[in-house]
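S.K.: Here is my input; please provide its structure:
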Amino acid sequence: MPLSIVILAAGQGKRMRSDLPKVLQPLAGRPLLSHVIATARELEPSAIQVVYGHGGDRVRTALAAAPVTWVLQAEQLGTGHAVAQAMPQVDDRDLVLVLYGDVPLIRADTLRQLVALAGPKRVALLTMELDDPAGYGRIVRSARGEVQRIVEEKDATARVQRIREGNTGVLAAPAKLLRRWLARLRTNNAQGELYLTDIVAMAVKEKIKVAPLVVASPAEVQGVNDKLQLAGVEAAYRARRARELMEAGATLVDPTRVDVRGPLVIGRDVEIDVNVVFEGTVRLGDRVRIGPNCVIRDTEIGDDTQVFPNCVIDRATIGPACNIGPFARFRPSSKLARGVHIGNFVEVKNSVLGEGSKSNHLTYLGDAVVGAKVNVGAGTITCNYDGVNKSQTHIDDGAFIGSGAMLVAPVRIGARATIGAGSVITHDTPPDKLTLERAKQVTIDGWQRPTKKT
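M.R.: As a prediction, this is how the structure comes out:
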């Protein structure tokens, strides 16, 4: 059967105590809803519909690029009502999978298993076993273990409340039957809402098989209703990604203190120290070592490179066998060849450094093209911005830049040229020669330093 996915994302989230809609609250740097959409896309459905309501304009704007159809639920009258808003765009031949925009950790493999249990005459229901199921609807089974109905906690008797199997809300049902059952929902319950869960009893009454699937880990279906639950889901997400890294062969000094907020591809024998944050798409080659307190975003790092503590690397390409940091910063579009050294308090922006070049201290390299085996002394600045235009500095192979030099772009330093310390270079310099620019040193006799009046 073709698969149509409906994601319910209309909840206001009052317990968040935030002006930001609940489904836009951040998990690993991305909105909760974006995680659910990404998982839904892994199933390759024929359509994904997102039912939105509270803060709808902000939700749609934040996720404007998402390949989904947006469906407005103008009034929040319950989960059954929310699904019904999406049904006019669902074909009767489809299988409908219902997900939730505030349940971000659910796995695609789990959903594939659930969908496989459903069919034209079968409803599949995802459940969970909890030590304390307070707050969740309960799964009521017959003596033979067959699902009979779901009872919401506010409507449950004391006996039903003792049941430990809880409802996750996630289910898959044939569209033709689901459409009919949704039309028959009533509000005769404690919350006066149209419960999606009531369709389970309807299916049983019509002798439609309800196939339950107990999720392996309740953390996978944890909903997010307040900031405490958001923090709990964040911790679970971190633990999941850390486990994936270690299973792939990475050494993590402390798995609880690594944050992976996007696709991370690693080579062999990678070592990652504490408090490292990976954002966007990051690739680490073989034997890469990342020191503590680094932020690495949308970057590729080559084999045998070491990143020392407290570095920020943003949208850069770092070659093999490089040494980076400590306290180095890379801004977008920077590229290092093999064996480059970038040391403490060096900032590189939109620059290319050739093989074996070094800039070890207190330097800014912006809009620069640096050749091979260049040494850039401490305190050097490429003066690339005149307030309007960005200009480029070229430093050819083997050049030596003395400490405290100002290279005023556009300018070219010739191959194997030497720039004297403290020089302000405003014109191209020839290869193989020493170029320097300094004012005459003068000592003023009789000068006295000003003193404060007592």
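S.K.: got the buried residues for stretch 66-83?
M.R.: By neighbour count with 16 or more other CB atoms under 10 Å, stretch 66-83 contains the buried residues Ala66, Val68, Val71, Gln73, Leu77, Gly78, Thr79, Gly80, His81, Ala82, Val83. For every residue, glycine as well, the C-beta is placed using N, CA and C.
S.K.: Restricted to strands, list the residues you listed.
M.R.: Where the buried residues of stretch 66-83 overlap with strands, as defined by DSSP state E, the overlap consists of Val71.
S.K.: ok, the buried residues of stretch 66-83 vs Pro133, which is closest?
M.R.: The shortest separation between Pro133 and any of the buried residues of stretch 66-83 is 18.0 Å, and it belongs to Thr79 (by CB to CB).
S.K.: wait, what's in contact with that closest one?
M.R.: For Thr79, the contact set (CB atoms under 8 Å, 6 or more residues apart in numbering) comprises Leu8, Gly169, Glu193, Leu194, Tyr195, Leu196, Thr197.
S.K.: I'd guess the third one is in a helix, am I close?
M.R.: No - residue assignment for Glu193, taken from DSSP: H, G, I helix; E, B strand; the rest coil, gives coil, which places it outside any helix.
S.K.: my guess is Val96 contacts Lys176, does it?
M.R.: No - here Val96 lies out of contact with Lys176, judged by CB atoms under 8 Å, at a distance of 9.8 Å.
S.K.: ok so, going back, can you put the buried residues of stretch 66-83 in CSV and add pLDDT?
M.R.: Formatted as CSV, the buried residues of stretch 66-83 follow (pLDDT from 0 to 100):
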residue, pLDDT
Ala66, 96
Val68, 97
Val71, 95
Gln73, 93
Leu77, 92
Gly78, 93
Thr79, 94
Gly80, 96
His81, 96
Ala82, 96
Val83, 97
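S.K.: would you list the buried residues of stretch 66-83 in CSV and tack on distance to Asn323?
M.R.: Output for the buried residues of stretch 66-83, formatted as CSV (distance: CB to CB, whole Å):
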residue, distance to Asn323
Ala66, 41
Val68, 45
Val71, 53
Gln73, 55
Leu77, 61
Gly78, 60
Thr79, 55
Gly80, 60
His81, 60
Ala82, 55
Val83, 56
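S.K.: For the contacts of Thr79, pick the one with the most neighbours.
M.R.: Using other CB atoms under 10 Å as the neighbour criterion, Leu8 leads the contacts of Thr79 with 27 neighbours.
S.K.: from the contacts of Thr79, which is closest to Val388?
M.R.: Of all these, the one sitting nearest Val388 is Leu8; the distance, using CB to CB, is 50.5 Å.
S.K.: Would you map the helices across the protein?
M.R.: Counting by DSSP state H, residue ranges of the helices within the chain are 32-42, 56-62, 79-86, 108-117, 158-161, 175-183, 198-205, 227-247.
S.K.: Between Val96 and Lys176, which is the more surrounded one?
M.R.: Higher neighbour count among Val96 and Lys176: Val96, with 26 against 14, using other CB under 10 Å.
S.K.: Okay, now the unreliable bits of the stretch 51-200 of the chain?
M.R.: By pLDDT under 70, the low-scoring segments of the stretch 51-200 of the chain are 54-55.
S.K.: let's see it at 90
M.R.: Along the stretch 51-200 of the chain, segments meeting pLDDT under 90 span 53-57, 74-76, 133-135, 153-154, 188-191.
S.K.: Roughly how far does the residue most central in space within the chain sit from Ile324?
M.R.: By CA atoms, centre = their mean, the mean C-alpha position of the chain lies nearest to Arg261, the distance being 3.3 Å. According to CB to CB, to the nearest Å, Arg261 stands 20 Å off from Ile324.
S.K.: go on, Thr443?
M.R.: Separation of Thr443 from Ile324 (CB to CB) stands at 42 Å.
S.K.: Compare these two (neighbour count), which wins?
M.R.: Ile324 (26 against 5).
S.K.: Run through the residues that contact the closest residue to the more buried one other than its chain neighbours.
M.R.: Among residues not flanking Ile324 along the chain, Val307 sits closest, at 4.5 Å (CB to CB, 6 or more residues apart in numbering). Under the criterion of CB under 8 Å, 6+ apart, the contact partners of Val307 comprise Val288, Arg289, Ile290, Gly291, Cys294, Ile296, Ile301, Ile313, Ile318, Ile324, Gly325.
S.K.: What residues are bridge-paired with the nearest residue to Ala173 once chain neighbours are set aside?
M.R.: Of all residues not flanking Ala173 in the chain, Val123 sits nearest, at 4.6 Å (CB to CB, 6+ apart). Listed beta-bridge partners, Val123: Val210 (assigned using DSSP bridges).
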